[in-house]
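A.B. asks: What follows is a protein structure lacking sequence information:
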């Protein structure tokens, strides 16, 4: 069952961007080596529970970051979360990177490393436990984290999907 999402307008949001990784790329050509930079950027609005990621490549770092931000703004997604944490345990996967997200009680904070922390903070989740499994490649970890967040459903959506009343959904 495919879930169709409408495009989110980035101009109406208070987006905060965070650079996850910058990679220097060298292409060997006949005349020598051409150097460029690749940037992985995560943008999000904690108030609206919206997150997106993008990559940009350019000859200089600031230009690569700017391109990554523009790509991320075209890739925004809405995430279903509770007030400060997530509803249930979920595992996201992309390639060989897997990310486990677990709800946590208030006061726990964000227990996450590097790329996962960037995505979780961009969404605005303040209490969550995470574990990065498999690949530690930042690109795969960010995509796996967003895959996990997309799997979260609220109670009303689950009740409608199952065709039962809201009180029967645990």
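C.D. replies: Done, it's in. None of these values were measured; they are calculated from a predicted model.
A.B. asks: Name the spans of this protein whose pLDDT lies under the cut-off.
C.D. replies: Within the chain, the stretches with pLDDT under 70 are 1-6, 169-170.
A.B. asks: Can you show me the helices along it?
C.D. replies: 61-73, 114-123, 138-150, 155-162 (DSSP state H).
A.B. asks: From residue 119, how far out is the closest residue to residue 61 other than its chain neighbours?
C.D. replies: Closest residue in space to residue 61, ignoring its immediate chain neighbours: residue 37 at 5.0 Å, by CB to CB, 6 or more residues apart in numbering. Using the backbone N, CA and C atoms, a C-beta is placed for each residue, glycine as well. Per CB to CB, to the nearest Å, residue 37 is found 21 Å from residue 119.
A.B. asks: same question, residue 90
C.D. replies: Applying CB to CB to residue 90 and residue 119 gives a distance of 13 Å.
A.B. asks: intersection of neighbour lists for those two?
C.D. replies: Shared contacts of residue 90 and residue 119 (CB atoms under 8 Å, 6 or more residues apart in numbering): residue 149.
A.B. asks: Could you check which of those two is surrounded by more residues?
C.D. replies: Using other CB atoms under 10 Å as the criterion, residue 90 and residue 119 rank with residue 119 on top: 31 against 18.
A.B. asks: which residues touch the more buried one?
C.D. replies: If you count contacts by CB under 8 Å, 6+ apart, then residue 119 has 42, 44, 51, 53, 142, 145-146, 149 around it.
A.B. asks: Among those residues, find me the one that's closest to residue 13.
C.D. replies: Using CB to CB, residue 44 is the member of these that lies nearest residue 13, at 8.7 Å.
A.B. asks: from memory the closest one sits against residue 123, does it?
C.D. replies: Yes. Taking contacts as CB atoms under 8 Å, residue 44 lies within contact range of residue 123: 5.5 Å.
A.B. asks: Now list whatever residues contact both of the two.
C.D. replies: Contacts common to residue 44 and residue 123, judged by CB under 8 Å, 6+ apart, are 50-51.
A.B. asks: Show me which of those two is the more surrounded one.
C.D. replies: More crowded of residue 44 and residue 123, by other CB under 10 Å: residue 44, with 28 against 24.
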